[in-house]
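Engineer: Based on what follows, work out the 3D shape:
(4 chains)
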Amino acid sequence: MKKVFINGPITPEFIANSIEKHQTKHSIGAHNIFLGQVRADVINDKTVAGIDFTCYEEMAHPILDDIREKAFKTFNLTCMHIYHSLGEIKAGEVCFFVFVSAKHSKEVYAATEYLVNIVKKKVPIFGKEIFEDESHQWKVNKV
Amino acid sequence: MKKVFINGPITPEFIANSIEKHQTKHSIGAHNIFLGQVRADVINDKTVAGIDFTCYEEMAHPILDDIREKAFKTFNLTCMHIYHSLGEIKAGEVCFFVFVSAKHSKEVYAATEYLVNIVKKKVPIFGKEIFEDESHQWKVNKV
Amino acid sequence: MAVIKYFGAIAEVTNCNEEQIAVSDLKVSDCLALLNEKYNLNQFDVSVALNQNLVDRDSTIKLSDNDEIALLPPFAGG
Amino acid sequence: MAVIKYFGAIAEVTNCNEEQIAVSDLKVSDCLALLNEKYNLNQFDVSVALNQNLVDRDSTIKLSDNDEIALLPPFAGG
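Structural biologist: Presented below is the predicted three-dimensional model:
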């Protein structure tokens, strides 16, 4: 079981550190990174200040293991990492980080898109959009 | 004319700094980053130690301006940045950084792939692959 | 006893993250009917997991002691 | 005079990054023929840029003073 969930935002330093760790892997020629950043959407005149993420972790981990296994079978990847924030993430902060590495560039794009979409669809993560006036609504992913 | 060429490797800190600068842009929901990393390929029993990049900058800049303009017309992007190293970049170091941002995730993947491929194809950058024994050969991109 | 876990918008309505339920001869579908009566959960697009695996809301699987049922609102990761 | 610029593998063979050439009545194609004779550039897949724009190697455009011709080996960015 790989570490996926991170309390609080995924910082630029965390991302830099992940990139740096891959610089010792000299068979890698291409990395593709997806970052989900919390938007300050305006909904009925109220602005989203942040999203409070919770998760059913006991269920999420085996699903994430399956996702990784299937992705390694489908795409010719060297490395794959998925990170998601829990807790309150403010607008402008990063809450989702998918990191795919391969020998050649053509391998990475579809893998990243696949991983982002399947995590959104299959992993039991819940998001409470908190507005600037402290009211809230529950986020729903369009599939 | 935007700054594209960087002397030496593109460091994880540089990438982190680019990400951080976008955290004030609260309409962005998705970033996609491509990183080209120098591989220690083995060619006829010799291992690539690094690539020495040179460029015809006066020609490259207008081409890069056209590429950016066309990409903004084609894809629904908020931001787009392209960086490429010049000089000697060692195996494991990053020499190419494409950074695309949009409101929604579905916009970013094709834009990144498009930019990576068109820069490889159209921008006059030359790469001398230097082997560990200090001999070299000239890199050619497969189109 | 089985444990029922609530998440997100559903936990907000139930006002708790989990509770115990007696399982004698209770099917998943019966359990959901009981909870729906108590909390009016039809307002949500609920998914149901039994021991961390999604099951149909009409499932006739019988609950056993120590089973874990989770009521999940729409996923919102990413 | 026009300036000829050499890059990458081609600069390695010409052993210089640029040189001047007299332009009187010289077409791009003539200029390339001269350089090919001097340096045997047919070994390369050369692209030619005139004032930073790619032109055909057979181009009959006549060179003018201060024109910049660049001989470019295959691109290898990324």
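
Engineer: Not counting the helix or strand bottoming out on mean pLDDT in chain A itself, show me its contacts.
Structural biologist: Across the helices and strands of chain A, mean confidence by mean pLDDT, DSSP states H and E is lowest for strand A:42-43: a mean of 93. With contact meaning C-beta atoms under 8 Å, 6 or more residues apart in numbering or on different chains, strand A:42-43 is reached by A:48, A:129, A:131, A:137. For the C-beta atoms, the positions are set from N, CA and C on the backbone; glycine is no exception.

Engineer: if I look at the residue of chain C found nearest chain D, how far off is chain B?
Structural biologist: With C-beta to the nearest C-beta, the shortest gap between chain C and chain D falls at residue C:78, namely 28.5 Å. Noted for residue C:78: a distance of 7 Å to chain B, by C-beta to the nearest C-beta, to the nearest Å.

Engineer: Report how many residues lie close to the nearest residue to that residue once chain neighbours are set aside.
Structural biologist: In this structure, residue C:78 finds its nearest non-sequential neighbour in residue A:120, 4.0 Å apart by C-beta to C-beta, 6 or more residues apart in numbering or on different chains. By the criterion of other C-beta atoms under 10 Å in any protein chain shown, residue A:120 has 19 neighbours.

Engineer: Ok, residue A:1 next?
Structural biologist: Neighbours of residue A:1 under the rule other C-beta under 10 Å: 8.

Engineer: What distance do you get for it to chain D?
Structural biologist: Residue A:1 is 36 Å from chain D, where distance means C-beta to the nearest C-beta.

Engineer: The most centrally placed residue in chain C: what's it in contact with?
Structural biologist: Centroid check for chain C by C-alpha atoms, centre = their mean gives residue C:71 as the closest residue, at 3.8 Å. By C-beta under 8 Å, 6+ apart, the contact list for residue C:71 reads C:4, C:5, C:6, C:7, C:10, C:32, C:35, C:41, C:46, C:47, C:48.

Engineer: In this structure the fourth one contacts residue A:56, no?
Structural biologist: Yes: contact status for residue C:7 versus residue A:56: in contact at 5.7 Å, counting by C-beta atoms under 8 Å.

Engineer: what sits in contact with each of these two?
Structural biologist: Residues touching both residue C:7 and residue A:56 (C-beta under 8 Å, 6+ apart) are A:124, C:70, C:72.

Engineer: that's a helix at the second one, yeah?
Structural biologist: Pointing back at residue C:70 there. No: per DSSP: H, G, I helix; E, B strand; the rest coil, residue C:70 lies outside any helix segment and is strand.

Engineer: Who are the contact partners of residue A:111?
Structural biologist: Going by C-beta under 8 Å, 6+ apart, residue A:111 touches A:32, A:71, A:74, A:75, A:77, A:80, A:100, A:102.

Engineer: how close does the second one sit to residue A:100?
Structural biologist: By that I understand residue A:71. Separation of residue A:71 from residue A:100 (C-beta to C-beta, to the nearest Å): 8 Å.

Engineer: Could you check which of these two is surrounded by more residues?
Structural biologist: Each of residue A:71 and residue A:100 has its neighbours counted (other C-beta under 10 Å); residue A:100 has more, 27 against 19.

Engineer: Quickly find the element holding that one.
Structural biologist: Using DSSP states H and E, residue A:100 sits in strand A:94-102.

Engineer: Do that strand and chain B come into contact?
Structural biologist: Yes: using C-beta under 8 Å from any C-beta of the partner chain, strand A:94-102 reaches chain B at residue A:94.

Engineer: how about that strand against chain C, any contact?
Structural biologist: Yes: under the criterion of C-beta under 8 Å from any C-beta, chain C is reached by strand A:94-102 at A:95, A:96.

Engineer: Quick check: buried residues in that strand?
Structural biologist: A:94, A:95, A:96, A:97, A:98, A:99, A:100, A:101, A:102 (16 or more other C-beta atoms under 10 Å in any protein chain shown).

Engineer: can you list the residues of chain C near chain A?
Structural biologist: C:5, C:7-9, C:47, C:49, C:52-53, C:68, C:70, C:72-78.

Engineer: Restricted to buried residues, select the residues you listed in ChimeraX.
Structural biologist: Here is the ChimeraX selection string for the buried members of those, based on 16+ other C-beta under 10 Å:
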select /C:5,7,8,9,47,49,52,68,70,72,73,74,75,76,77,78
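
Engineer: so of the residues of chain C next to chain A, which ones are in strands?
Structural biologist: C:5, C:47, C:49, C:53, C:68, C:70, C:72 (DSSP state E).

Engineer: residues in contact with the fifth one?
Structural biologist: Taking C-beta under 8 Å, 6+ apart, we find residue C:68 in contact with A:58, C:2, C:3, C:5, C:49, C:50, C:51, C:52.

Engineer: Likewise for the second one?
Structural biologist: Under the criterion of C-beta under 8 Å, 6+ apart, the contact partners of residue C:47 comprise A:124, C:54, C:71, C:72, C:73, C:74.

Engineer: related to what we said a few turns ago, now the two most distant members of the contacts of residue C:68.
Structural biologist: A:58 and C:2 (14.7 Å; C-beta to C-beta).
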